[in-house]
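> my questions are about this predicted structure, shown below with the sequence.
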Amino acid sequence: MPDLLWDDVKVLFDPEVNGALPDVVVEGTALEDWQVLLDLLREQGWQYAYSVGGEPMELTSAADMAVAAYADGVPELRVCLALDMLVIFRMYRTESIDFDVDLRELQGQERLDVLVDFFCLLGRRLGKSVLMSAEGSPDHPDLGFDVDADRVVLM
């Protein structure tokens with residue numbers, strides 16, 4: 001049984017209501033957590049593209065991302081979780097892992113399950129909550145991976 005049923009949450013995934021790019025964040029992180037994310041990406045074999053200030057670059061380590069963030073611009077990591085389903089990480093600071101998903105790519109139970117599985121995988125690996133809120137409303141999460149419940153729940 002899925003953590004969330006599409007019929008129960010589809011209003012949260014309506015781009016006309018919530019904006020197309022909800023805010024997703026893992027708070028209370030450090031550089032080591034970013035490295036865990038990169039290790040997870042490689043372990044899972046997801047395709048990705050990395051750039052800094054719009055310039056494609058080779059992804060080496062979280063430490064190099066942090067150097068780029070403070071010197072050259074915002075590092076951006078585009079990860080393909082499934083066909084036509086991107087997660088876009090931006091390193092604004094090391095103290096949080098911020099990323100976007102596109103609600104237009106997340107329609108239906110199958111796509112919701114991919115997102116939920118990703119939130120669970122990331123949250124468990126980091127031991128931290130992964131929270132999603134409507135675009136521009138980061139203080140009011142709608143759903144996320146709850147560490148204590150060990151699953152994705154409505155907030």
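Structure received.
> what's the local residue count around the closest residue to residue 69 other than its chain neighbours?
Computed as C-beta to C-beta, 6 or more residues apart in numbering, the closest residue to residue 69 that is not its neighbour in sequence is residue 91, at 4.7 Å. Any C-beta I mention is one placed from the backbone N, CA and C, and that applies to glycine too. Using other C-beta atoms under 10 Å, residue 91 has 23 neighbouring residues.
> on contacts alone, who are the packing partners of the strand ranked longest in the chain?
Criterion DSSP state E: the longest strand present in the chain is strand 75-82. Where contact means 3 or more C-beta pairs under 8 Å, 6 or more residues apart in numbering; DSSP states H and E, strand 75-82 is packed against strand 47-52, helix 62-71, strand 85-90, helix 109-126.
> quick one: it to helix 109-126, angle?
With axes from the mean of the first three to the mean of the last three C-alpha atoms, to 10 degrees defining the directions, strand 75-82 sits at 130 degrees from helix 109-126.
> strand 75-82 pairs with which strands?
Note on strand 75-82: by DSSP bridges, its sheet partners are strand 47-52 (antiparallel), strand 85-90 (antiparallel).
> which parts of that strand are buried?
75-79, 81 (16 or more other C-beta atoms under 10 Å).
> quick one on the thing from earlier: quickly compare the strands paired with strand 75-82 and say which is most buried.
strand 85-90 (a mean of 18; mean count of other C-beta atoms under 10 Å).
> that strand to helix 62-71, inter-axis angle?
Going by the same axes, to 10 degrees, strand 85-90 makes 60 degrees with helix 62-71.
> right, and the helix or strand after strand 85-90?
Scanning forward in sequence from strand 85-90 by DSSP states H and E, the next helix or strand is strand 96-101.
> quick one: contacts of that next one?
Residues from elsewhere that reach strand 96-101 (C-beta atoms under 8 Å, 6 or more residues apart in numbering): 21-29, 33-34, 37, 85-92, 115, 126, 132.
> what does the longest strand of the chain contact?
Here strand 75-82 has contacts from 41, 46-52, 59, 65, 68-69, 86-91, 111, 114-115, 118, using C-beta under 8 Å, 6+ apart.
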